[in-house]
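S.K.: After the sequence you'll find the predicted model.
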Amino acid sequence: MLKIHQIFIVKFLLLFISALLISSIISYGALKSIIITNNTYNLQNSIHLLSIELSRVDNLDEYALKISEKTKMRVTIINGTGEVIAESNSDKTTMENHSSRYEIMQADSEEFSHIIRYSETLNVDSLYVAKKLSYKGKIIYVRLAMSLAQVMDDFYSLWVKLFFVFSFILFIALFASKKMSQKIVYDIMQITKYLDEISNKNYRATIKTKYFYEFLQISLLLKNLVKKLHNRDKQKQKYIAKLRLMNKQRNDILSAISHEFKNPIASIMGYAQTLQQDSHLDIKIREKFLEKISSNGDKITKMLDRLALTVKLENSDIEIKETPFNLKLLCEEVVTNLSLKYKSRKIVLHAKDCIIHADKTMIELALINLIDNALKYSDDEVEVVLEEEMLLVKDRGIGIKEKYLDKVTSKFYRVHKNSWDNSMGIGLAMVSYILKAHKTALYIKSIYSEGSTFGFSLKNMLKK
């Protein structure tokens, strides 16, 4: 029959090992899923980067091999009929038609398709991610693949390390349980001796146990442990909130870029396919289609340039070159140019001569964005006022609700989504970065259903 301290050790170890085993199984599945998910996202991001450079590639075979050498991923490029036209890890002439492959068929209806499948070409299980793209007016599919053997090798390497950590913890648990058992045995022996003394009528006997003292110490340690765990939980919540914010920003960026690029890309593909399919198309219609393709290409280029400039401004990668110039003359020039663009709209300028020291190109860009924004979000006349130490742009549009005022300068944020073309929601963000570089800030005042006023102080630009 087991003694009480032996029963304690056995039950403690069984409970600990069971908990450790359950947590190991759960963490095994969770870690494996996380690793595969992260690699899927990495392949999707890699395809997105490849699509940006693809239009400048002439030799797809060399390009696929080059990308594969740098990333250690298998690169396969397939044409619209399913024929492999470039392959980094195998002879493309020996490969069968891929039009019936799951990831290729799914790429027609989804932005990205992915699947885990056994590769008969390489004889390994692989993770495939594919995307439908346009290359020189033709539909192609870019597919990246990663051997799951490589992914699982990394996973098993991590798991081995965790196994040693768990083993070390188990060893510590065994040692601790032995010590705890010794203390319990000691207290039981003290109680037994005390009872013997009492049975012998020795009422002056004392008991020297450490049992309750140890419980006191354990309670104090538990309080300290709870306090530490609480602090760690707060740090964990902050970290999770930060990760969620980063994930939301990434999704906002992808959503904004995807939405704004969708229409011009669809137009380019539609016109290109029409030109490709009808070789006898009337020359005037052909020229009109080519002009549309060029126009949409310019549109995409301008959006990318605006995005790149916003990122540089946000990271302070652009040097501000301050020079003295007359802000009134700059306002007149901007108003004249925008009046030609919006011929049916009226822009009223109230300005006096005002010499400031600033980066003229950046201030011009900020002014264009403020007036352009006012024109697009209102139907009445727009008023530009240069008075005292302020430059203001006023409109009589629908205005902005108070709850949105602190968000309108956020990158990729728009109050009225999809209300006008060629906007990724970076105009006011760009203005904010420009003004911050000039040690001033964007002024916003808006009354819903009455209109808005945007502007900035010139005080720091006047005192030079």
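M.R.: Yep, it's here.
S.K.: mind listing the helices for the stretch 351-464 of the chain?
M.R.: Assigned by DSSP state H, counting those that start in this stretch, the helices in the stretch 351-464 of the chain fall at 360-376, 427-437, 459-462.
S.K.: how about the nearest residue to Ser27, chain neighbours excluded?
M.R.: Leu162 (7.3 Å; Cβ to Cβ, 6 or more residues apart in numbering). No exception for glycine: its C-beta is placed from N, CA and C like everyone else's.
S.K.: Give me the neighbour count for the one you found.
M.R.: 14 (other Cβ atoms under 10 Å).
S.K.: check which helix or strand covers it.
M.R.: For Leu162, the host element (DSSP states H and E) is helix 148-199.
S.K.: Dump the helices of the stretch 351-464 of the chain into CSV; add mean pLDDT and distance to Lys341 as well.
M.R.: What follows is the helices of the stretch 351-464 of the chain, written out as CSV (pLDDT from 0 to 100; distance: least, Cβ to Cβ, whole Å):
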stretch, mean pLDDT, distance to Lys341
helix 360-376, 87, 8
helix 427-437, 82, 15
helix 459-462, 87, 27
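S.K.: got a markdown table for the ones you listed, with distance to Ser55 and mean neighbour count too?
M.R.: Below are the helices of the stretch 351-464 of the chain laid out as a markdown table (distance: least, Cβ to Cβ, whole Å; neighbours: other Cβ atoms under 10 Å):
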| stretch | distance to Ser55 | mean neighbour count |
| --- | --- | --- |
| helix 360-376 | 27 | 21 |
| helix 427-437 | 26 | 21 |
| helix 459-462 | 41 | 17 |
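S.K.: Now do the helix holding Leu162, average pLDDT.
M.R.: The average pLDDT within helix 148-199 is 71.
S.K.: Leu174 reaches Leu13, doesn't it?
M.R.: Yes - using Cβ atoms under 8 Å, Leu174 is in contact with Leu13, at 7.2 Å.
S.K.: Isn't Ala272 up against Tyr135?
M.R.: No - in this structure, Ala272 is not within contact of Tyr135 by Cβ under 8 Å, at 10.6 Å.
S.K.: What segments of the protein are strands?
M.R.: Per DSSP state E, the chain carries strands over the ranges 74-79, 84-87, 113-119, 124-135, 138-147, 323-326, 347-351, 355-358, 382-387, 390-395, 442-447, 451-457.
S.K.: can you tell which of these is closest to Leu50?
M.R.: Leu50 lies closest, by Cβ to Cβ, to one member of the strands of the chain: strand 138-147, at 5.9 Å.
S.K.: in the closest one, what counts as buried?
M.R.: Ile139, Ile140, Tyr141, Val142, Arg143, Leu144, Ala145, Met146, Ser147 (16 or more other Cβ atoms under 10 Å).
S.K.: Turn those residues into TSV, columns for distance to Val382.
M.R.: As requested, those are exported to TSV (distance: Cβ to Cβ, whole Å):
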residue	distance to Val382
Ile139	44
Ile140	45
Tyr141	47
Val142	45
Arg143	50
Leu144	48
Ala145	54
Met146	53
Ser147	59
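S.K.: Quick check: the two most widely separated of these?
M.R.: Ile139 and Ser147 (27.6 Å).
S.K.: So what pairs up with the nearest residue to Ser46 once chain neighbours are set aside in the strands?
M.R.: Taking Cβ to Cβ, 6+ apart, and ignoring the residues beside it in sequence, Ser46 has Leu144 as its nearest neighbour in space, at 5.7 Å. Beta-bridge pairing of Leu144 under DSSP bridges involves Val75, Val129.
S.K.: Give me the pLDDT value at Leu144.
M.R.: So Leu144 comes in at 91 (pLDDT).
S.K.: Check the spacing between it and Leu386 real quick.
M.R.: 54 Å (Cβ to Cβ, to the nearest Å).
S.K.: Over to Pro264?
M.R.: 36 Å.
S.K.: With Ser181 instead?
M.R.: 85 Å.
S.K.: So these two - more neighbours on which side?
M.R.: For Ser181 and Leu386, the more surrounded residue by other Cβ under 10 Å is Leu386, and the numbers stand at 20 against 17.
S.K.: one step back: need the contact list for the residue nearest to Ser46.
M.R.: By Cβ atoms under 8 Å, 6 or more residues apart in numbering, the residues touching Leu144 are Leu43, Ser46, Ile47, Met73, Arg74, Val75, Thr76, Tyr128, Val129, Ala130.
S.K.: swap the cut-off to 10 Å and go again
M.R.: Shown in contact with Leu144 (Cβ atoms under 10 Å, 6 or more residues apart in numbering): 42-44, 46-47, 50, 64, 67-68, 71, 73-76, 88, 114, 126-131.
S.K.: any weak-confidence spans in the stretch 251-400 of the chain?
M.R.: 251-262, 299, 302-303, 305-317 (pLDDT under 70).
S.K.: try 80 this time
M.R.: Low-confidence segments of the stretch 251-400 of the chain (pLDDT under 80): 251-264, 271, 278-281, 295-296, 298-320, 377, 388, 398-400.
S.K.: Might one say that Leu370 is in contact with Gly455?
M.R.: Yes - using Cβ atoms under 10 Å, Leu370 makes contact with Gly455 at a distance of 7.4 Å.
S.K.: joint contacts of those two?
M.R.: Val384, Leu391, Leu392, Val393, Leu442.
S.K.: Would you mind checking these for buried ones?
M.R.: For these, buried by 16+ other Cβ under 10 Å: Val384, Leu391, Leu392, Val393, Leu442.
S.K.: can you tell me which two in those residues are farthest apart?
M.R.: Val384 and Leu442 (15.4 Å).
S.K.: start to end distance for stretch 79-93?
M.R.: Terminal residues of stretch 79-93 lie 14 Å apart, using Cα to Cα, to the nearest Å.
S.K.: Tell me the buried residues in it?
M.R.: Asn79, Val84, Ile85, Ala86, Glu87, Ser88, Asn89, Lys92.
S.K.: is the fourth one in a bridge, and if so with what?
M.R.: It stands for Ala86. Ile77.
S.K.: right, and it touches Val142 too?
M.R.: Yes - counting by Cβ under 10 Å, Ala86 does reach Val142; the two are 9.2 Å apart.
S.K.: picking that back up, of the shared contacts of Leu370 and Gly455, closest to Glu96?
M.R.: Closest to Glu96, out of all of those and judged by Cβ to Cβ, is Leu442, at 58.7 Å.
S.K.: give the contact list for that closest one.
M.R.: So Leu442 contacts 366, 370, 408-409, 428-429, 431-436, 454-457 (Cβ under 10 Å, 6+ apart).
S.K.: Find me the pLDDT at Asn45, would you?
M.R.: 90.
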